[in-house]
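Trainee: Whatever this is, show me its structure:
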Amino acid sequence: MWLRTSCELTFDIYVPTPFILMLRPRSGYHQWIAREEYKIKPSVPVYEFTDIYGNLCQRLVAPPGPFSVHTSADVMTADYIDRSPGAPFVEVQNLPDTVLSYLLPSRYCESEKFTDMASAITSGYQMGYDQVWAIETWLRASISYIPGSSEIPISAVEVNQRQSGVCRDLSHLGIALCRSLSIPARLVVGYLYELSPMDLHAWFEAYVGGRWYTFDATQTELTGGYVAIGYGRDAADVAVSNQFGPPVYPISQHIEVQLIEQEPD
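Mentor: Below you'll find the predicted structure:
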């Protein structure tokens with residue numbers, strides 16, 4: 001399917017403020033970016049770099065006064081999410097070097113604390129994809145998904161204690177459970193077509209059967225329409241907006257994901 005995504009952030013800046021933004025989706029195995037638009041008002045110099053996870057990041061210094069960032073993209077993405085029951089567990093010694101960092105505990109995914117819990121959840125399931133499917137199913141049934149209930153990231157331990165959270169929180173717990181079983185897992189942030197209420201979205205991917213697969217405990221059915229912006233170990237790596245100095249928060253944020261009926265010219 002073809003989707004048009006857009007994100008508009010507005011700020012009120014009091015002192016010159018350095019930003020690192022992560023708002024450009026990149027083409028890859030699951031998506032193709034056919035058109036992009038990136039507007040910054042007022043116009044300022046921008047330097048783009050690729051971080052250690054392959055994400056496109058933009059550095060700039062916002063001047064005092066009203067400041068806005070608008071991005072949009074036309075993206076071809078999969079109509080359906082790949083599923084692969086029975087895809088095997090990949091032994092650690094056979095994992096690609098680039099995947100190894102997603103085995104380790106991280107700031108919001110304390111995987112070392114979930115070994116017994118993950119083993120209980122996945123008991124009786126074949127090692128690999130089926131274990132991750134069991135984790136996703138358990139999250140959906142056991143942890144309440146409440147959009148807008150958390151403004152700041154919380155860790156997997158906190159999510160398990162609260163038994164509720166936003167999409168990012170459920171993904172943190174899913175990642176921690178996977179890693180405790182020596183299954184690499186990473187957080188993805190981006191867009192989801194027909195998400196309700198519409199907002200930026202987060203889900204997780206697990207590496208089994210020699211590739212990454214998408215899992216999302218917030219959705220009862222995984223169809224398609226996912227557009228990834230950033231990948232990382234947890235929310236600390238995939239913030240779409242980081243600023244430095246006196247705290248600055250968006251005074252408005254507007255997200256849209258529209259279906260394009262015809263392929264863009």
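
Trainee: correct me, but residue 64 touches residue 11?
Mentor: No: Residue 64 lies out of contact with residue 11 (C-beta atoms under 8 Å); the separation is 10.6 Å. Where C-beta positions appear, they are placed from N, C-alpha and C, glycine not excepted.

Trainee: wait, what's in contact with the residue nearest to residue 108 when sequence neighbours are not counted?
Mentor: Distances taken as C-beta to C-beta, 6 or more residues apart in numbering place residue 234 nearest to residue 108, at 3.9 Å, with adjacent residues excluded. By C-beta atoms under 8 Å, 6 or more residues apart in numbering, the contact set of residue 234 is 106-109, 153, 172, 175, 187.

Trainee: So what's the model's average confidence on the helix or strand where residue 173 lies?
Mentor: Element membership for residue 173, per DSSP states H and E: helix 167-180. Here helix 167-180 scores 98 as its mean pLDDT.

Trainee: Name the next helix or strand downstream of that helix, please.
Mentor: Next along the chain from helix 167-180, counting by DSSP H and E, comes strand 185-192.

Trainee: quick one: residue 33 is in a strand?
Mentor: Yes: remark: residue 33 belongs to a strand, assigned using DSSP: H, G, I helix; E, B strand; the rest coil.

Trainee: number of nearby residues for it?
Mentor: Residues near residue 33, counting by other C-beta atoms under 10 Å, number 17.

Trainee: try the one 5 residues further on
Mentor: Using other C-beta under 10 Å as the criterion, residue 38 is surrounded by 15 other residues.

Trainee: residue contacts, residue 187?
Mentor: Residue 187 is in contact with 168, 171-172, 175, 202-204, 231-235, 237-238, counting by C-beta under 8 Å, 6+ apart.

Trainee: would you turn these into JSON lines with distance to residue 116 and secondary structure?
Mentor: Output for the contacts of residue 187, formatted as JSON lines (distance: C-beta to C-beta, whole Å; DSSP: H, G, I helix; E, B strand; the rest coil):
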{"residue": "168", "distance to residue 116": "24", "secondary structure": "helix"}
{"residue": "171", "distance to residue 116": "21", "secondary structure": "helix"}
{"residue": "172", "distance to residue 116": "18", "secondary structure": "helix"}
{"residue": "175", "distance to residue 116": "17", "secondary structure": "helix"}
{"residue": "202", "distance to residue 116": "26", "secondary structure": "strand"}
{"residue": "203", "distance to residue 116": "25", "secondary structure": "strand"}
{"residue": "204", "distance to residue 116": "21", "secondary structure": "strand"}
{"residue": "231", "distance to residue 116": "28", "secondary structure": "strand"}
{"residue": "232", "distance to residue 116": "27", "secondary structure": "strand"}
{"residue": "233", "distance to residue 116": "22", "secondary structure": "coil"}
{"residue": "234", "distance to residue 116": "21", "secondary structure": "coil"}
{"residue": "235", "distance to residue 116": "25", "secondary structure": "helix"}
{"residue": "237", "distance to residue 116": "27", "secondary structure": "helix"}
{"residue": "238", "distance to residue 116": "28", "secondary structure": "coil"}
